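Student: next input, structure requested:
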Amino acid sequence: MFKKRGRGDAEIPMSSLADIAFLLLVFFLVVTTIDVDTGIGLILPPIPDDIEPPPVRERNLMNILVNAQGMVLINEQPAAIANVRETVKRFIDNNGVDPDLSESPDDAIVSIKTDRRTPYNVYIDMIDEVMGAYEELRHQASMERFGVPFSSLEQGSERRAEIQELYPKKISIAEPDEG
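Tutor: The predicted structure follows:
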């Protein structure tokens, strides 16, 4: 009399699966943070108004050249990266004693020039050594004058400004030569 109906195969509705996958994708894109390389934090000077720079006496300029092989030349003399910091400190803090070095910390300019093929890690090491020389000189001056490290002086304080004025960072990063 009555025929048994055969049960159909169990099916999972697939129509909403694409919607769910899309929503999960959007969720993970919104929630995920992407790490971005920040690069080197340097504050660039403003664009000059076609004003000729003032003349710089040769003795107040320290030229550091890093070639394509990563070799360092300071005023055309070979030097090791490990010796750069002490050489820069001696140059800046000369105060006119040695006629081959700067007349005063305010007049001292350190120029860094690289080749386009200079290894990036050597360039970064060179910048670190020059910045480290300034930090050590500032630390030493702060300890002598105020008895506290330069790094512990508050940003914007008169003491910090006094030390920064005593040892102003005058670093020129020259454009690499073409070729």
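Student: where does the closest residue to Asp125 other than its chain neighbours land on pLDDT?
Tutor: Closest residue to Asp125 apart from its sequence neighbours, by CB to CB, 6 or more residues apart in numbering: Ile81 at 5.4 Å. For glycine as for every other residue, the C-beta is placed from the backbone atoms N, C-alpha and C. pLDDT recorded at Ile81 is 90.
Student: could you report the neighbour count for Ile81?
Tutor: By other CB atoms under 10 Å, 15 other residues sit near Ile81.
Student: ok, now which ones touch it?
Tutor: Contact analysis of Ile81 by CB atoms under 8 Å, 6 or more residues apart in numbering lists Val72, Val122, Asp125, Met126, Glu129.
Student: got the buried residues for the helix ranked longest in the chain?
Tutor: The residue-count maximum for a helix in the chain (DSSP state H) belongs to helix 120-146. For helix 120-146, burial by neighbour count (16 or more other CB atoms under 10 Å) applies to 122-123, 125-126, 129-131, 133-142.
Student: please apply the same query to stretch 76-85.
Tutor: Here stretch 76-85 shows Val84, Arg85 as buried, counting by 16+ other CB under 10 Å.
Student: in the contacts of Ile81, find the pair that's most separated.
Tutor: Within the contacts of Ile81, Val122 and Glu129 form the most distant pair, 10.5 Å apart (CB to CB).
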